[in-house]
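J.: Sequence first, predicted model second:
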Amino acid sequence: KQWYQRRVRGMQRLLFKKMASTTKLQRLRGLMKAPKYDLAAYVVPTDDPHASEYIAPFHGRREYISGFTGSAGTAVVTLEKALLWTDGRYWLQASQQLDENWELVKDRLPTTPPIRTWLANNLPKGSKVGIDPSVFSQSSFLETQNALSASGITLTPTEENLIDQIWENRPNPPLNQIISHPLKFSGQSTSEKFALVREQMVKLNAIAHCVTALDSIAWLLNIRGNDIPFNPVVISYVIVLEKKVLFYVDNRKLTPEVISHLGEEVEVRPYENIFNDLKEISEKGNVWIDSSSSQAIYSAINPNHVVIETSPIPLAKAIKNPVELKGMKDCHIRDAAALIRFFSWLEIELNQHKVHTEYSVSAVLAEFRSKQPDFFSLSFETIAGSGKNGAIIHYKPEKENSAEVSIDKVFLCDSGGQYKDGTTDVTRTLHFGNPTPHEIECYTRVLKGHINLGLAIFPDKINGHQLDILARIPLWNLGLDYAHGTGHGIGAFLNVHEGPHGISFRPNKETLKEGMLVTNEPGYYEQGNFGIRIENVMAVITVQPKHKSADKYLGFEHITLVPYCRKLIDIASLERAEIEFVNKYHRECLEKVGPLLDGDSLKWLQRECEPL
């Protein structure tokens with residue numbers, strides 16, 4: 001009876017969703033046809049005005065119009081079609097969330113045209129394509145404009161966002177209070193950071209640097225916020241001048257303590273004043289912006305006085321100082337204790353035949369984390385996938401229709417926390433019953449790739465793209481692969497995904513440097529059956545190999561400290577060096593996390609860390 005009721009409710013939701021989608025598209029197309037706009041297509045990216053990967057609900061325009069909830073993707077609505085481009089992480093999710101009004105376009109395949117190419121090939125000459133310039137980067141605007149103009153199509157910025165005009169019950173802009181990020185956690189003063197920016201301003205002959213990325217602003221001002229779920233940032237802009245720093249933010253978010261922290265050098269101005277101020281400042285001299293800045297920001301600057309160069313902040317932020325590295329290591333130990341308590345609890349519950357859903361166990365894990373010292377929030381929404389749901393790379397369990405966690409199925413758990421001294425992101429795949437030989441074989445191949453990358457020693461000036469193959473070879477040898485990158489940077493009590501570096505099959509020229517943090521997360525996803533991913537955060541460190549044909553060699557130190565799943569490891573297929581790595585890693589888990597545990601959780605850790 002309960003299954004039937006859930007089925008009926010699910011069908012009702014799908015019908016309502018399709019009706020709502022149809023209405024939204026009809027209203028949007030009505031606006032597009034209006035003489036004021038006269039658009040043949042309208043492009044709706046995920047981005048907010050700050051090019052954030054994750055956005056506040058207030059900026060969730062693409063999700064509103066399409067129904068797709070993934071963190072990456074762009075919607076294109078023409079007068080006849082509605083299409084969504086998204087990458088391999090979200091193909092399965094998008095196919096389930098898009099209704100019949102929408103067509104999924106699998107982005108980043110060799111046969112998939114970029115959006116600008118599709119528009120140029122499918123719209124008649126003389127058409128106009130509309131965009132909101134505040135959510136389109138200057139570089140993307142230029143590329144799209146050039147591609148369309150070659151086909152006689154005009155890229156048309158609109159003063160108002162068309163989605164905003166049809167969005168009923170839109171969430172309010174966030175007004176969460178700002179907090180300071182003191183020196184004991186940041187390890188570097190704002191004056192030192194301002195000096196770094198001003199040094200580059202002199203080299204570029206610029207009188208100002210406009211900072212638009214929210215994590216860069218948080219890092220620069222040593223502040224944190226809560227304007228975007230799971231990302232401790234503040235919706236704001238900054239302009240660094242020679243003698244002062246202009247901070248554009250809703251002043252209702254400021255407390256007396258934060259005002260004191262900012263000091264006299266920082267002048268607070270209304271958020272919306274950024275465009276007028278850029279216009280005035282650029283009349284006096286060159287204004288420097290990053291190419292990721294929006295077309296709206298670019299358009300506000302005198303075209304004769306704009307300098308477009310990479311900001312130094314992302315790289316400086318990515319190379320953690322000793323205080324930040326210590327904080328990251330410390331919070332990973334506490335976070336590991338929470339995760340191990342959760343796994344131990346879940347195993348006991350399942351063996352007692354108690355019923356738990358993916359959604360309910362995610363809430364329990366959040367509760368375990370919240371009890372750790374200096375906990376602030378989760379670092380992203382927990383991905384807890386049992387069986388076939390684990391094959392959805394960024395699966396998000398819903399309260400009403402999440403699956404039961406089964407003792408007989410592979411369970412993938414990707415989760416993390418925000419702590420005042422750091423950020424965590426860890427994935428473990430477990431089986432609480434009796435895994436099949438195929439599941440064991442696939443898990444072991446993923447583990448071998450994880451170890452292969454984790455043991456890498458490489459010369460300075462090597463980038464993550466060059467290392468990506470190390471994690472894939474054990475999978476490729478079996479005819480397996482995964483449709484996502486292998487690793488991303490991670491912030492220190494900041495965004496869980498951070499650039500400019502990464503480890504991926506996609507080219508990235510940014511070399512790995514000592515002090516950077518990067519994840520190591522190969523996987524395998526068998527649609528309809530299970531998903532496997534193993535993820536550690538690693539610090540890039542200097543190593544001393546026996547011979548040195550280059551001046552400096554680098555390697556990795558694993559700072560995630562959660563054991564691998566013993567019953568999913570085929571020990572016979574591991575090389576001696578791989579066994580030694582696992583045993584050494586597990587000893588470190590016991591030594592560092594064990595003292596924070598007791599009872600069943602300590603027994604669970606001891607069992608999982610027994611030598612192979």
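T.: The structure has been received and is ready for your questions. Numbering: from 1, shown residues only.

J.: What residues are bridge-paired with S180?
T.: In this entry, S180 is beta-bridged to I223, by DSSP bridges.

J.: close enough to count as contact, it and N222?
T.: Yes. Using CB atoms under 8 Å, S180 is in contact with N222, at 6.5 Å. Glycine gets a C-beta too; all of them are placed from N, C-alpha and C.

J.: Show me whatever sits in contact with both of those two.
T.: Common contacts of S180 and N222, defined by CB atoms under 8 Å, 6 or more residues apart in numbering, comprise H261.

J.: Report the contact partners of the nearest residue to V355 once chain neighbours are set aside.
T.: Leaving aside its chain neighbours, V355 sits nearest to E404 (6.0 Å; criterion: CB to CB, 6 or more residues apart in numbering). E404 is in contact with 355-358, 386, counting by CB under 8 Å, 6+ apart.

J.: any idea which of these is closest to I55?
T.: Relative to I55, the closest of the contacts of E404 is E358; by CB to CB it sits at 24.2 Å.

J.: for the closest one, what are its contacts?
T.: Going by CB under 8 Å, 6+ apart, E358 touches 384-386, 389, 397, 402-405.

J.: Arrange those in CSV, one row each, with secondary structure and pLDDT as further columns.
T.: As requested, these are exported to CSV (DSSP: H, G, I helix; E, B strand; the rest coil; pLDDT from 0 to 100):
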residue, secondary structure, pLDDT
A384, strand, 98
G385, strand, 97
S386, strand, 98
N389, helix, 96
P397, coil, 92
S402, coil, 93
A403, coil, 96
E404, strand, 96
V405, coil, 97
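
J.: Put the buried members of the residues you listed into a ChimeraX selection.
T.: In ChimeraX syntax, the buried subset of the contacts of E358 is picked out as below (16 or more other CB atoms under 10 Å):
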select :384,385,386,389,397,402,403,405
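
J.: Save the contacts of E358 as TSV, and put in distance to S415 too.
T.: Shown next, in TSV, are those (distance: CB to CB, whole Å):
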residue	distance to S415
A384	8
G385	12
S386	14
N389	15
P397	12
S402	15
A403	17
E404	19
V405	14
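
J.: Of the contacts of E358, which is the nearest to F58?
T.: Using CB to CB, the contacts of E358 come closest to F58 at P397, 24.2 Å.

J.: where in the stretch 301-450 of the chain is pLDDT low?
T.: Under the criterion pLDDT under 70, no range of the stretch 301-450 of the chain is flagged.

J.: need the helices for it, in chain order.
T.: 313-318, 322-351, 358-370, 437-454 (DSSP state H, counting those that start in this stretch).

J.: how about CSV for these, with distance to P256 added?
T.: Converted to CSV, the helices of the stretch 301-450 of the chain look like this (distance: least, CB to CB, whole Å):
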stretch, distance to P256
helix 313-318, 27
helix 322-351, 26
helix 358-370, 28
helix 437-454, 46
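
J.: With respect to D99, which of these lies nearest?
T.: Between the helices of the stretch 301-450 of the chain, helix 358-370 lies closest to D99; by CB to CB that is 22.7 Å.

J.: The closest one vs helix 322-351, what angle?
T.: Interaxial angle, helix 358-370 versus helix 322-351 (axes from the mean of the first three to the mean of the last three CA atoms, to 10 degrees): 140 degrees.

J.: can you pull the buried residues of helix 358-370?
T.: Here helix 358-370 shows 358-359, 361-362, 364-366, 368-369 as buried, counting by 16+ other CB under 10 Å.

J.: Tell me the gap between that helix and the middle of its chain.
T.: With CA atoms, centre = their mean, to the nearest Å as the basis, helix 358-370 stands 20 Å off its chain's centre.

J.: export it as PDB, just CAs?
T.: Only the C-alpha atoms of helix 358-370 are listed here, as PDB (Å, rounded to 0.1, in the frame of the first residue of the first chain):
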ATOM      1  CA  GLU A 358      19.100   7.900   1.600                       C
ATOM      2  CA  TYR A 359      17.500  11.100   2.800                       C
ATOM      3  CA  SER A 360      17.200  10.100   6.400                       C
ATOM      4  CA  VAL A 361      20.700   8.800   6.700                       C
ATOM      5  CA  SER A 362      22.000  12.000   5.200                       C
ATOM      6  CA  ALA A 363      20.300  13.900   8.000                       C
ATOM      7  CA  VAL A 364      21.900  11.600  10.600                       C
ATOM      8  CA  LEU A 365      25.400  12.200   9.000                       C
ATOM      9  CA  ALA A 366      24.800  16.000   9.200                       C
ATOM     10  CA  GLU A 367      23.900  15.600  12.900                       C
ATOM     11  CA  PHE A 368      27.200  13.700  13.600                       C
ATOM     12  CA  ARG A 369      29.100  16.500  11.800                       C
ATOM     13  CA  SER A 370      27.300  19.300  13.600                       C
END
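
J.: ok so, going back, need the contacts of E404 in TSV with distance to P459, can you?
T.: Formatted as TSV, the contacts of E404 follow (distance: CB to CB, whole Å):
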residue	distance to P459
V355	53
H356	48
T357	48
E358	43
S386	43
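
J.: quick one, what contacts W91?
T.: Contact analysis of W91 by CB under 8 Å, 6+ apart lists 104, 106, 483.

J.: Equivalent analysis for D330, please.
T.: Per CB under 8 Å, 6+ apart, neighbours of D330: 421-422.

J.: Low-confidence ranges, this structure, go.
T.: Looking at the chain by pLDDT under 70, you get 1-19.

J.: Next, name the residue at the spatial heart of it.
T.: H497 (4.0 Å; CA atoms, centre = their mean).

J.: okay but that residue is in contact with H488, surely?
T.: Yes. Under the criterion of CB under 8 Å, H497 makes contact with H488 at 5.0 Å.

J.: what separates stretch 532-543 from the chain centre, distance-wise?
T.: The chain centroid and the centroid of stretch 532-543 are separated by 17 Å under CA atoms, centre = their mean.
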